[in-house]
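# Any chance you could fold what I've pasted below:
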Amino acid sequence: MTAIKTAGPQQAAELARLHARAFTEHDAWGAPAMAAVLELPSTHALMIYTQSVPAGFIIIQQVADEAEVLTLAIDPQFHRHGLARKLLLQAVRQLLGQGVTRLVLDVASDNDAAIGLYESLGFTQDGLRKAYYSRPGQARMDALLMSRSISGQDDP
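Numbering: from 1, shown residues only. Model prediction:
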């Protein structure tokens, strides 16, 4: 059983822990950074729970009629359970009610699982940021820029 709940700055430490499990230490956001982002009036977060255990979250920033996925993190022990899909679909439903017409994100070009998920949800590639992601001991990785419209008519 899963549940999705709104998260705020008071959950910054838990979100930072999940982020550290989902991303490399170099890419993970600490609790102070997480709290600072969540205190912005333009951002909101959703946390997903599996059997009452925090399993992942999404943070979105809205500007006018566009929103951006700032980060989406799922604890590796919960990968391949459809949790990222559930979070994205819930976020799209909420954004639709707030007048958002477009959702954008970026993803590492070697993250085939995430790219496949985003494409299955109607995201298309809009551009490329060369050498955007840095990884210790590895070559820098490109970021794919992806987006989808939010109309209420075409939700997967």
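# Now do the SS call for residue 81.
coil (DSSP: H, G, I helix; E, B strand; the rest coil).
# contacting residues for it?
The neighbours of residue 81, taking C-beta atoms under 8 Å, 6 or more residues apart in numbering as the test, are 50, 55. Heads up, the C-betas are built off the backbone N, CA and C, glycines and all.
# do you know how far the most centrally placed residue in the chain is from residue 30?
In the chain, the residue lying closest to the centroid (C-alpha atoms, centre = their mean) is residue 72, at 2.4 Å. To residue 30, residue 72 is 18 Å away according to C-beta to C-beta, to the nearest Å.
# Got the phi and psi for the residue located most distally from the centre of the chain?
Computed with C-alpha atoms, centre = their mean, the residue of the chain farthest from its C-alpha average is residue 137, at 25.2 Å. Residue 137 adopts backbone torsions of phi 80, psi 10, taken as degrees, to the nearest 10.
# Spit out the contact partners of it.
For residue 137, the contact set (C-beta under 8 Å, 6+ apart) is empty.
# sorry, back to before: and the residue nearest to the centre of the chain, what element?
strand 66-74 (DSSP states H and E).
# on that earlier part again, if the residue nearest to the centre of the chain is in a bridge, with which residues?
residue 58 (DSSP bridges).
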